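>>> the following comprises the amino acid sequence and a computationally predicted model.
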Amino acid sequence: SSSNGEMSATCTGQPAKSSSNDSSNEEASNVDNDRLIIRSWTPSTSHLLTATTSSGISSVSASPPPYFDVLDHVLGSSLPPQILQEVQALRKDGIISDFKPARTAMEVKSDNLVALLGGFATMDDGIDESSDATAAAATTTTTTAATDNSKVRGDRSVFIPRSLHRPSQNVNYDRFVKRCPGLLRLISSIEQTAVQHLAPAIQIDTEMTSVQIASYPGDGISGYPRHCDRGDKCAKEPMVESAVSKDAEDQGGNATRSSSKRIVTAVYYLTPADWDADLDGGALAVPYSDRLVVFRSDLIEHEVMPSLRRDRIAITVWLYGRSTATDGGGGAVGSRDSFGVITPMKAEESSKSSVRATPRNPPPPLPISEALAKPNETASRIFVSIPSYRDPETNRTISSLFETARYPERVYVGVVWQIDTSSENVDAACFRYDLPKPWSTTNVRELKLDYRQATGPCLARALAQNLHRDEEYILQIDSHMRFRANWDVYLLAQLAKCPNKSILTAYPPAYVLDADGEAEFVNNETRGTILAPWKFSDGMLRQKGRLLSSSGTSQPELEDGINDNVPCPLYAAGFNFSSSSVIKDCPYDATLHHLFFGEEMSMAVRLFTHGYDFFAPPQCVCYHKWTRDHRPTIQGDTRSTEDETSKDKRDDSMAQQQRRRSLDVVFNQLRGNSHSLGSIRTASEFASRVGVDFHDSIIHPGAEDCGLPSDAFAPYLFLGEAGSNADTEDLTGGNNDNIVHLVSSFLSAGGR
């Protein structure tokens, strides 16, 4: 079937375990409840089915939730043929009727009305509402009142009466359990998984579950026109009802019978394992075997597309219940701004902060075209690499990524926590802020390292790259950043304008924290920056960011494939976006210990010689906290463990020795004497592109303009050169007011 929205990417992740049945049902059914799981159902699936717009989906996204998901490899490839055999056995034994032409509820009611007027029949309230064993016969019997020409549906179907699969309506239940363990497993798995993972947003009444088996002939014609499973027209957003009161609930905690309506539709495909999307047909969700399409019955219109050469057989399970207000807990999420808890530390809920990553006055969203704003099933995934050193801003950085992404379900974060693992309290501030569900559960991968074992950014970024799981693109950032809305779609679109093997990179403008801990953006700057050579310090080239005078075109798509990104000679470790091929071509060198100023030069020359080009986006995509007053630093922690009374001991410390060795590696790379360089271009060509002489530590005249005219840059306030010590470099020049004017136009590497 196809929906009125685009299908999302197939869910991945750990299986969601179902809740067990009560003991009496468990004994009667003889079904192993540990197997009652939907393998591909994750918290992301629950979010897509339960998110509401009325409670405030984040304003950064104009699109409502899709209210459906497509799950593959649901219960195993052996289950569909097993269920088909069981259905044939039920038909052979006369427990269910043969497949007959299906009719809609409206057709049934119309026929019953004619029959009633004729005085020889009784009304039937719908094709699947009956709870007795006559349901199948009542819903598939044809009458003279409806001719073949009036048929809306092109399938032949049969219902599995509730008396078969519901223990409380036990007429033939024991017989059904013995003859149809596969079918019972499918029904029970869908029910139990939904009951557990959709509460409290949706209350399911399992006593009203309705099951139909339908077969569409492979004639290229038969289908089912666009319709809504809940009535003539689907609602535009969920009809949120008040929660079911305790005295109104049944003993199992289900919704009351009188208030239950069709709420979730689950379609499970029994098609052959070799089903071909092109030859056999299908729709947006190709009916592959062992695939489950689950969607909101009250919100999603859908249609069944014709099959081309073979019968398309599927089981539809309709779940009944009611949509209630959510509290953001359990498996339900009220909005993209609601928070759940994910923390490696034990902490009381009362200690969690409610400060959101999204600021009170956010900058304007990044411009994207209408085409990019629409969901696209084939859109690529983005892996975000984050090293964090005892940084309380990390969780809010991760939250900002998900809150501002157009498609957060396609964003995957790998974070390396470098914290004090010997105590739950020392670095508790790093986990003060909650992460948004469901993404914190499904899309965040974590690695913890005691900060005493940390040796700088290169090791941490190398470890973060190990958390990559074949996502097509990688965004590498620092742990103290905020993002503009639509950043994910914008970066993909901008990178697509560049040649192959390109990297988008820049030093972002600044944000600061106000007295309440909220992010404030300096001048709400939206213009891009470009990296330029700044000075040599201890023989190593330092770079700065220069503010561009214009944000480029205001149109997200340019005619004739024009690339409005700005060619850039250098690379920023704290913000770069590219194809994930960079991990294979130039993985981070984990042996460059205690290398800070030199990390970016090493990566820049390696990437350049492997054939990569650097570009600066015309607009700023995110913001960076350039001051370090909110967190410890590895340099400070390293010095605190050394003998401060002995300069010789301090100079000969392990960290200092490792740093010198790392610098020697980078100096050799920049001079072309390293096996880690590529063979496409040379280190001397890199030096010419940057406009410097690495042998004599000379910056050539005009190099800081990066080949651009002088009017390409905004005027900036230049402060005198600060000390070269990486830990004490002062961006503010002793005046905190100056940073407001400085970092929006001139960003030195010293703040990183």
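Here it is on my side, so go on.

>>> the host helix or strand of Leu183: what's the following helix or strand?
Using DSSP states H and E, Leu183 sits in helix 181-198. Downstream of helix 181-198, the next assigned helix or strand under DSSP H and E is strand 202-216.

>>> okay, now the sheet partners of that next one, with direction.
strand 156-160 (antiparallel), strand 312-323 (antiparallel) (DSSP bridges).

>>> least confident of these, on average?
Lowest mean pLDDT within those: strand 156-160, at a mean of 85.

>>> the inter-axis angle of it versus helix 181-198?
Angle, strand 156-160 to helix 181-198, by axes from the mean of the first three to the mean of the last three CA atoms, to 10 degrees: 70 degrees.

>>> and the residue lying closest to Val426 once chain neighbours are set aside, how many neighbours?
Of all residues not flanking Val426 in the chain, Asp420 sits nearest, at 4.0 Å (CB to CB, 6 or more residues apart in numbering). All C-beta spots, glycine's among them, are computed from the backbone N, C-alpha and C. If you count neighbours by other CB atoms under 10 Å, Asp420 ends up with 17.

>>> ok, Asp420 - contacts?
By CB atoms under 8 Å, 6 or more residues apart in numbering, the contact set of Asp420 is 390, 426-427, 450-451.

>>> okay, those residues in TSV with secondary structure, pLDDT and neighbour count next?
Listed next are the contacts of Asp420 as TSV, based on DSSP: H, G, I helix; E, B strand; the rest coil; pLDDT from 0 to 100; neighbours: other CB atoms under 10 Å:
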residue	secondary structure	pLDDT	neighbour count
Arg390	coil	89	21
Val426	coil	79	14
Asp427	coil	82	21
Asp450	strand	91	12
Tyr451	helix	90	18
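
>>> any chance of a markdown table for those, columns distance to Tyr268?
What follows is these, written out as a markdown table (distance: CB to CB, whole Å):
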| residue | distance to Tyr268 |
| --- | --- |
| Arg390 | 48 |
| Val426 | 50 |
| Asp427 | 46 |
| Asp450 | 47 |
| Tyr451 | 49 |
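
>>> ok, so of those residues, who is nearest His73?
Asp450 (37.8 Å; CB to CB).

>>> what about the closest one, distance to Ile419?
Asp450 is 7 Å from Ile419, where distance means CB to CB, to the nearest Å.

>>> swap in Leu607?
For Leu607, the distance to Ile419 (CB to CB) stands at 30 Å.

>>> ramachandran angles for Leu541?
Backbone torsions for Leu541, taken as degrees, to the nearest 10, come to phi -70, psi 130.

>>> i'd like the first residue to be 877 from this point on
With 877 as the first residue, the last one maps to Leu1417.

>>> please name the bridge partners of it.
With DSSP bridges as the rule, Leu1417 is bridged to Phe1412.

>>> can you get me a residue count around it?
Leu1417, neighbours per other CB under 10 Å, totals 24.

>>> got any ranges where the stretch 1077-1226 of the chain has weak pLDDT?
For the stretch 1077-1226 of the chain, applying pLDDT under 70 flags the ranges 1107-1135, 1158-1161, 1201-1226.

>>> ends of stretch 1256-1271, how far apart?
End-to-end distance of stretch 1256-1271 (CA to CA, to the nearest Å): 24 Å.

>>> that should have said stretch 1179-1197, apologies.
End-to-end distance for stretch 1179-1197, by CA to CA: 23 Å.

>>> mind listing what's buried along that stretch?
By 16 or more other CB atoms under 10 Å, the buried positions in stretch 1179-1197 come out as 1180-1184, 1186-1197.

>>> and stretch 1551-1564, by the same measure?
Neighbour counts over stretch 1551-1564 (16+ other CB under 10 Å) mark 1553-1554, 1557, 1559, 1562-1563 as buried.

>>> returning to that earlier point: relative to Leu1325, how far out is the residue nearest to Val1302?
Distance, Asp1296 to Leu1325, by CB to CB: 11 Å.

>>> please pull out the lowest mean pLDDT helix or strand from this protein.
Of all helical and strand segments in the chain, the minimum by mean pLDDT, DSSP states H and E falls on strand 892-893, at a mean of 33.

>>> one step back: got a markdown table for the strands paired with strand 1078-1092, with distance to Met1477 too?
As requested, the strands paired with strand 1078-1092 are exported to a markdown table (distance: least, CB to CB, whole Å):
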| stretch | distance to Met1477 |
| --- | --- |
| strand 1032-1036 | 68 |
| strand 1188-1199 | 56 |
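
>>> and Ile1063, which of those is closest to it?
Closest approach to Ile1063 among the strands paired with strand 1078-1092 (CB to CB): strand 1188-1199, 6.0 Å.

>>> just the strands in the stretch 1427-1576 of the chain please.
For the stretch 1427-1576 of the chain, the strands defined by DSSP state E, counting those that start in this stretch cover 1442-1444, 1451-1455, 1489-1492, 1498-1500, 1568-1569, 1574-1575.

>>> pick the most buried one from these.
Among the strands of the stretch 1427-1576 of the chain, the stretch with the highest mean neighbour count (mean count of other CB atoms under 10 Å) is strand 1498-1500, at a mean of 26.

>>> which other helices and strands contact that one?
The helices and strands touching strand 1498-1500, judged by 3 or more CB pairs under 8 Å, 6 or more residues apart in numbering; DSSP states H and E, are strand 1357-1359.

>>> for stretch 1533-1543, give me every contacting residue.
Residues contacting stretch 1533-1543 (CB under 8 Å, 6+ apart): 1331, 1334, 1414-1416, 1465, 1467-1471, 1474, 1477-1478, 1550, 1570.

>>> which of these are buried?
With burial judged by 16+ other CB under 10 Å, the buried subset of the contacts of stretch 1533-1543 is 1331, 1334, 1416, 1465, 1468-1471, 1474, 1477-1478, 1550, 1570.

>>> got those residues as CSV, with pLDDT columns?
Below are the buried ones among the contacts of stretch 1533-1543 laid out as CSV (pLDDT from 0 to 100):
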residue, pLDDT
Thr1331, 90
Cys1334, 95
Met1416, 95
Asp1465, 95
Leu1468, 95
His1469, 93
His1470, 90
Leu1471, 91
Gly1474, 93
Met1477, 97
Ser1478, 97
Ser1550, 94
Phe1570, 96
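
>>> so can I have TSV of the residues you listed showing distance to Ser1586?
Output for the buried ones among the contacts of stretch 1533-1543, formatted as TSV (distance: CB to CB, whole Å):
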residue	distance to Ser1586
Thr1331	42
Cys1334	36
Met1416	27
Asp1465	37
Leu1468	36
His1469	41
His1470	38
Leu1471	34
Gly1474	30
Met1477	26
Ser1478	31
Ser1550	36
Phe1570	26
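
>>> out of the residues you listed, which is nearest to Thr1141?
Cys1334 (50.9 Å).

>>> so what's the residue nearest to the closest one when sequence neighbours are not counted up against?
Distances taken as CB to CB, 6+ apart place Leu1468 nearest to Cys1334, at 4.1 Å, with adjacent residues excluded. Listed by CB under 8 Å, 6+ apart, the contact set of Leu1468 reads 1332, 1334-1335, 1474-1475, 1478, 1538, 1541-1542.
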